[in-house]
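*Asks:* Okay, structure incoming, though there's no sequence with it:
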DNA sequence: GATTGACATGCATGAGTATGCATGTAAGCA
DNA sequence: TGCTTACATGCATACTCATGCATGTCAATC
């Protein structure tokens, strides 16, 4: 059993922080948003283009963008009749990359318990 | 506006990866689990102790532990009549710390849009 | 100013899930 | 074996929330 003891950083997590973390992380708790952020990581783009890229309907994308915007993860600015969205800052990209790196790590490790679920219908709306 | 273009890492995120990320991150999407992980980060401990630490009822903690276990974030081993739980590996701690670092970053930046919601009742069961 | 294009928002629906309560199960102890 | 402690699991409930459809709004063009 490879437990991880308080090796160097055992700062207690306040309830407030926990809530804040949960809120921000909940943005990455849905694959649709992760895909949106993933696309945005490649560069800013308009809503319609985003919808095509992630294969979702425009209203759905707008809804998710609103959430991501409220959380301060993305930012949009009007450009003519388009609204170009992009990641709020590089820190967001870092967070996303850390998440990706993590699952990569899991894959490499052979994956701990890797649920048997096919995951095909995990909060996903597959048209 | 300070958009983040594809400066160096624009690897497209596959749908599969997005789902996986979403799944893992959903573990951190609830403050109760974040608190549990936060406590565990300080060192392994039994379920009852955990329940006291995070101020939740034992069954609730068990339920969340099951989820975290299924996701491979924590690990438990029987020690007499107790079951000691701990973070699965240091990578989990890293992920948690990155999340904490992120909200710290947000705070420092004055916080982008910091929703006006009091958040007092955001999926939380305040005894 | 009327029309078309591009997003955003409102509303309703359906699914996932966190929590509480009661109960089941494993492990020490008398 | 019977009892108590420490967790886990089942079930029911309430709630959050992602999506779809319809509609409203802002901007450019004719």
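*Replies:* Sure, I can see it. Since the structure is predicted, the reported quantities are computational estimates derived from the model, not experimental observations.
*Asks:* Now do the contacts for the residue nearest in space to the middle of chain A.
*Replies:* Central residue of chain A (Cα atoms, centre = their mean): residue A:28, 3.1 Å from the mean position. Listed by Cβ atoms under 8 Å, 6 or more residues apart in numbering or on different chains, the contact set of residue A:28 reads A:34, A:37, A:95-96, A:99, B:21-22, B:25, B:29. The way it works is simple: take the backbone N, C-alpha and C, and place the C-beta from them, glycine included.
*Asks:* again, 6 Å this time
*Replies:* Going by Cβ atoms under 6 Å, 6 or more residues apart in numbering or on different chains, residue A:28 touches A:34, B:25.
*Asks:* Show the model's pLDDT score for it.
*Replies:* At residue A:28, the pLDDT value in this model is 92.
*Asks:* go on, residue A:51?
*Replies:* Predicted confidence (pLDDT) at residue A:51: the value is 94.
*Asks:* so how far is residue B:105 from the residue nearest to the centre of chain A?
*Replies:* Per Cβ to Cβ, to the nearest Å, residue A:28 is found 16 Å from residue B:105.
*Asks:* Please apply the same query to residue A:19.
*Replies:* The gap separating residue A:19 from residue B:105 is 17 Å, by Cβ to Cβ.
*Asks:* ditto for residue A:61
*Replies:* 26 Å.
*Asks:* These two: who's more crowded?
*Replies:* Taking neighbours as other Cβ atoms under 10 Å in any protein chain shown, residue A:61 and residue B:105 compare with residue A:61 leading, 24 against 15.
*Asks:* The one helix or strand that one maps to and chain B in contact?
*Replies:* Residue A:61 is part of helix A:58-70, with elements assigned from DSSP states H and E. Yes. Residues of helix A:58-70 are located near chain B by Cβ under 6 Å from any Cβ of the partner chain, namely residue A:70.
*Asks:* Check which helices and strands that helix sits against.
*Replies:* helix A:31-41, helix A:47-54 (3 or more Cβ pairs under 6 Å, 6 or more residues apart in numbering or on different chains; DSSP states H and E).
*Asks:* Report the angle between the next helix or strand after that helix and helix A:47-54.
*Replies:* Sequence-wise, the next helix or strand beyond helix A:58-70 is strand A:74-79, with elements assigned using DSSP H and E. Relative orientation of strand A:74-79 versus helix A:47-54 (axes from the mean of the first three to the mean of the last three Cα atoms, to 10 degrees): 130 degrees.
*Asks:* Show me what strand A:74-79 packs onto, helices and strands only.
*Replies:* Counting contacts by 3+ Cβ pairs under 6 Å, 6+ apart, strand A:74-79 packs against strand A:82-87.
*Asks:* how about 8 Å then?
*Replies:* helix A:31-41, helix A:58-70, strand A:82-87 (3 or more Cβ pairs under 8 Å, 6 or more residues apart in numbering or on different chains; DSSP states H and E).
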